[in-house]
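Chemist: predicted model follows, preceded by the sequence.
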Amino acid sequence: MARGKPEPLETILHYDASDIQVLEGLEAVRRRPGMYIGSTDVRGLHHMVYEVVDNSVDEALAGFADRITITIHPDHAVTVTDDGRGIPVDLHKDTNKSALEVVMTTLHAGGKFGGDGYKVASGLHGVGVSAVNALSEWCVVDVKRDGVLWRQRYERGIPITPVEQVGEAEGTGTTTTFMPDTELFETLDYQYDTLVQRFREMAFLTHGLTITFLDERGEGREMSFHFEGGIMSFVSYFTRDRDILHERPFYVEREIEDTLVEAALQWTDGFEETVYAFANNINTVEGGTHLTGFRSAITRSINDYARKQNLLKENDPNFSGDDAREGLMGVLSVKLTDPQFESQTKIKLGNAEVRFQVEGVVGDALSRWMEEYPRAAKAIIEKARTAARARAAARKARDLVIRKTALETTTLPGKLADCSATDSNEAELYIVEGDSAGGSAKQGRDRRFQAVLPLRGKILNVEKARLNRILNNKEIRALIAALGAGIGDDFNTDNLRYGRTIIMCDADVDGSHIRTLLLTFFFRYMRDLIEEGHLYLAQPPLYRISANSKKQWIYTEAEKDQLMRDLRRSNPSLQRYKGLGEMNPDQLWETTMDPEARTLLQVTVEDAVEADRTFEILMGSKVAPRKRFIQTHAKDVRNLDV
Ligand code: 0RA
């Protein structure tokens, strides 16, 4: 909306104080989109979709809708349809406006019209659909209620039609179509896979709900989710390629003092604990009170049962929480009326009462479940016992490393060519595959701020090994020492010696294998390095093309094909670079290390669920799923570990 320009009379019929408020509200959203949807890049774009879908999911949670369909149209407009009660259209007393118009144009109007039936508000961001409306070039809402089809249209959040009857309707429901404003968004390229994952998660979290996703762009794609078993299906989906200790997941659902607690658990023979905790369908990545209650319930039930069955002897210490949860895959979902999140972005639940509610519900049910399934209970306890032994051994090995490091204090690994910068923010560490490439990198680098650590051969396959074995591996120890920030629970990015850690591998199969190994290691044992954005992949060139006495570096297959076509008449010569070692130090600098010229890919853990699965499939001990994965993804194998 252009400021200072009066709106034509037709668009705003009764211009009064509430309209001024509305216009000011819309303007605030459009001036600072980031404050409402996080950003205007692809994440913010997805956020727009989630915000609208969340409203329909709320209607499903309240028990009034069981189908939601999301469509991305070829022109990049998005439609979200549900079969709920339909947003009310009746006139609002104070403003004399339709409730629909108020919901669509007033910030934070979301839950006001609900009354009792509309308890759970998942909109974490709570910005409501009015922010989506304000950030859309246009938006249309259709409501089916009482046999009538109602419609209102908006442009950049401003109503341009009244709420009017446009036809008759069967059934009830709400359909919202919006076109994100290209004046504000950097991109309209929704990522199919990201949306699919979120919709799958939403369907898991609301059992009985069917979510259909239609992507009408290009050749068109469609995906539909319906999980009768809710989060129990989520757990089975997650463990489907793993060796499990008991056939059926443990499951409980109970309402206690207005809080709905739902949990599903399954132990595998792996070493990781993977627990996803949700509060009102929001993935609380930083946990919170619900997760605390959940964890203590598990530790307590397992120790109680082991004592009662004499599986822990009088002199044995209790299992620690980590031992009790080794190999556990679990999903915890709580729904509560008044969720308190500790911060806007880092999502953590703060309601104190929830801790005891979850601990009670999960603890009681799990104890009863173990009585009922003693074989499962015994397998879990044996697993905890092995974990406790391994952890004791790991502690010894780690103490040894720490003591050694303490003794040697300043001794960095001999193979490390350090840089002279002392400010870690400026400093970079290149991890280079192989000694010969390492040599080129050492000569080619800018030694003021670039350090080089060559790694020989394939480092340990970390997925198969426990921490104690990993710590005994020479290459890994050099890496830990060079970074200087510890490992595992002790890892602390405050102590990092380099602001950037850059993995530089050959552009071939071995290189990609080593890259995956390194990423697995970082993902498992230095996850904050990834989450805080310190880890990068170098992009060495694949080819060099010479034509007309000019030479050019080429980094992708597509680029090569294009250039070879363009240069057809000039008799170009093409040289393939398979290994970093084939480049001399100057070339390595010019193509891959010079900050002015290089491309670095930042490694992100966009979705820990999927990343974890990929690592597991690639590196885990089960061979069959790994084969299947590699076969179906063989074409994009270069990208799979990013
Ligand atoms: C409040 C009250 C009622 C419906 C809704 C909200 C509602 C909102 C959305 C947003 C997307 N889909 C929706 N479906 C329903 C109905 C109150 C009543 O009928 O008594």
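Modeler: Arrived safely.
Chemist: so where's the stretch 151-300 of the chain uncertain?
Modeler: Under the criterion pLDDT under 70, no range of the stretch 151-300 of the chain is flagged.
Chemist: in it, what residue is nearest the ligand?
Modeler: residue 174 (3.7 Å; C-beta to the nearest ligand atom). The way it works is simple: take the backbone N, C-alpha and C, and place the C-beta from them, glycine included.
Chemist: how near is residue 393 to the ligand?
Modeler: Using C-beta to the nearest ligand atom, to the nearest Å, residue 393 is found at 55 Å from the ligand.
Chemist: what is the mean pLDDT for the helix or strand hosting that residue?
Modeler: Per DSSP states H and E: residue 393 is located in helix 374-408. Averaging pLDDT along helix 374-408 gives 78.
Chemist: tell me the strands beside the helix or strand that that helix is followed by, with direction?
Modeler: For helix 374-408, the following helix or strand on the C-terminal side (DSSP H and E) is strand 428-433. According to DSSP bridges, strand 428-433 forms sheet pairs with strand 450-455 (parallel), strand 500-504 (parallel).
Chemist: out of those, which gets nearest to residue 301?
Modeler: The minimum distance between residue 301 and the strands paired with strand 428-433 falls on strand 500-504, with 40.6 Å, by C-beta to C-beta.
Chemist: buried ones in the next helix or strand after the closest one?
Modeler: Note on strand 500-504: by DSSP H and E, the next helix or strand toward the C-terminus is helix 509-525. Residues 511-525 are the ones in helix 509-525 that count as buried (16 or more other C-beta atoms under 10 Å).
Chemist: from these, pick the one nearest the ligand.
Modeler: Once C-beta to the nearest ligand atom is applied, the member of these that ends up nearest the ligand is residue 523, at 37.5 Å.
Chemist: was I right to think the closest one contacts residue 529?
Modeler: No. Counting by C-beta atoms under 8 Å, residue 523 sits too far from residue 529 to count as a contact (9.1 Å).
Chemist: residue 32: what's it in contact with?
Modeler: By C-beta atoms under 8 Å, 6 or more residues apart in numbering, residue 32 lies in contact with nothing.
Chemist: pretty sure residue 224 sits in a strand.
Modeler: Yes. Counting by DSSP: H, G, I helix; E, B strand; the rest coil, residue 224 is found in a strand.
Chemist: count of residues packed around the nearest residue to it once chain neighbours are set aside?
Modeler: Nearest residue to residue 224 in three dimensions, chain neighbours excluded: residue 212, at 4.5 Å (C-beta to C-beta, 6 or more residues apart in numbering). Residue 212: 17 surrounding residues under other C-beta atoms under 10 Å.
Chemist: checking residue 213 next. Helix, strand or coil?
Modeler: The three-state label given to residue 213 by three-state DSSP is strand.
Chemist: so it makes contact with residue 224?
Modeler: Yes. In this structure, residue 213 is within contact of residue 224 by C-beta under 8 Å, at 7.3 Å.
Chemist: which one's more surrounded, the two?
Modeler: Neighbours per residue (other C-beta under 10 Å) separate residue 213 from residue 224, with residue 213 holding more: 22 against 13.
Chemist: what about residue 93, how many neighbours?
Modeler: Residue 93, neighbours per other C-beta under 10 Å, totals 7.
Chemist: who's in contact with residue 29?
Modeler: Residue 29 neighbours (C-beta under 8 Å, 6+ apart): 35-36, 107, 130-131, 134-135, 157.
Chemist: meant to ask about residue 195
Modeler: 46, 49, 70, 213.
Chemist: got the CA positions of the helix or strand it falls within in CSV?
Modeler: Following DSSP H and E, the helix or strand that holds residue 195 is helix 192-205. Taking Å, rounded to 0.1, in the frame of the first residue of the first chain, the C-alpha atoms of helix 192-205 are listed here in CSV:
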residue,chain,number,x,y,z
TYR,A,192,8.4,-29.6,-2.4
ASP,A,193,10.4,-31.9,0.0
THR,A,194,10.4,-29.4,2.8
LEU,A,195,6.7,-28.9,2.6
VAL,A,196,6.1,-32.7,2.3
GLN,A,197,8.1,-33.3,5.5
ARG,A,198,6.1,-30.7,7.4
PHE,A,199,2.8,-32.0,6.2
ARG,A,200,3.8,-35.5,7.0
GLU,A,201,4.7,-34.4,10.5
MET,A,202,1.4,-32.6,10.9
ALA,A,203,-0.5,-35.6,9.8
PHE,A,204,1.3,-37.8,12.3
LEU,A,205,0.5,-35.4,15.1
